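In: dropping the sequence and predicted coords here.
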Amino acid sequence: MRIIHLLVIGALIFAAAHVYRIKMDSTARTEKVLRLRAEIREQRDAIAALRAEWAKLDAPHRLQGLSDRHLHLKPVNGTQYDLLKNLPERPPRMFRPGEPDPIGAMLKTIEAASDPDTVTGSVPQPEDKQ
């Protein structure tokens, strides 16, 4: 009878220790979740503050004041525009009309030279299983 009592007491002590360990693990995880939630809240507040500061810095009236103060630009007049016939000539072409585009030809040569079945990089080519 005493042996059964000792076994039951030992099982109860083991069960109590196991339940205590589970409780401590859950308490530690709960504290970690609460810390993470607080950190997320702090980061969201920081993001909101940065967005508000960006909106303040990006305000059109503020930028207009800065440009007036620092750039010394003059307003555009309608007489500043010129006629299309006064534009400079187009630069000379690098190839004659009717000839293939040299860059396109180079790309086609490269594509033709490359084997589409080859694998590049550090990945080995898969073996063909027949």
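Out: Everything's here; your move. These numbers come from a predicted model, not from an experiment.

In: from residue 70, how far off is the residue most central in space within the chain?
Out: Centroid-nearest residue in the chain: residue 47, 16.1 Å away (criterion: C-alpha atoms, centre = their mean). For residue 47, the distance to residue 70 (C-beta to C-beta, to the nearest Å) stands at 30 Å. All C-beta atoms are positioned from the backbone trio N, CA, C, and that covers glycine.

In: please apply the same query to residue 90.
Out: Distance, residue 90 to residue 70, using C-beta to C-beta: 37 Å.

In: same check, this time on residue 98
Out: On the measure of C-beta to C-beta, residue 98 and residue 70 end up 52 Å apart.

In: look at those two and report which has more neighbours.
Out: Each of residue 98 and residue 70 has its neighbours counted (other C-beta atoms under 10 Å); residue 70 has more, 8 against 5.

In: could you point out which element follows the host helix or strand of residue 40?
Out: In the assignment (DSSP states H and E), residue 40 maps to helix 2-57. Sequence order places helix 60-70 as the next helix or strand after helix 2-57, per DSSP H and E.

In: average pLDDT across that next one?
Out: Averaged over helix 60-70, pLDDT sits at 91.

In: need the three-state assignment for residue 89.
Out: Classification of residue 89 using DSSP: H, G, I helix; E, B strand; the rest coil returns coil.

In: check residue 74 too.
Out: Following three-state DSSP, the label given to residue 74 is coil.

In: ok, it - how many residues close by?
Out: Residues near residue 74, counting by other C-beta under 10 Å, number 7.

In: who touches the helix or strand of the chain with the lowest mean pLDDT?
Out: Scoring the helices and strands of the chain by mean pLDDT, DSSP states H and E places helix 102-113 at the bottom, with a mean of 80. Residues outside helix 102-113 that contact it (C-beta atoms under 8 Å, 6 or more residues apart in numbering): 94, 95.
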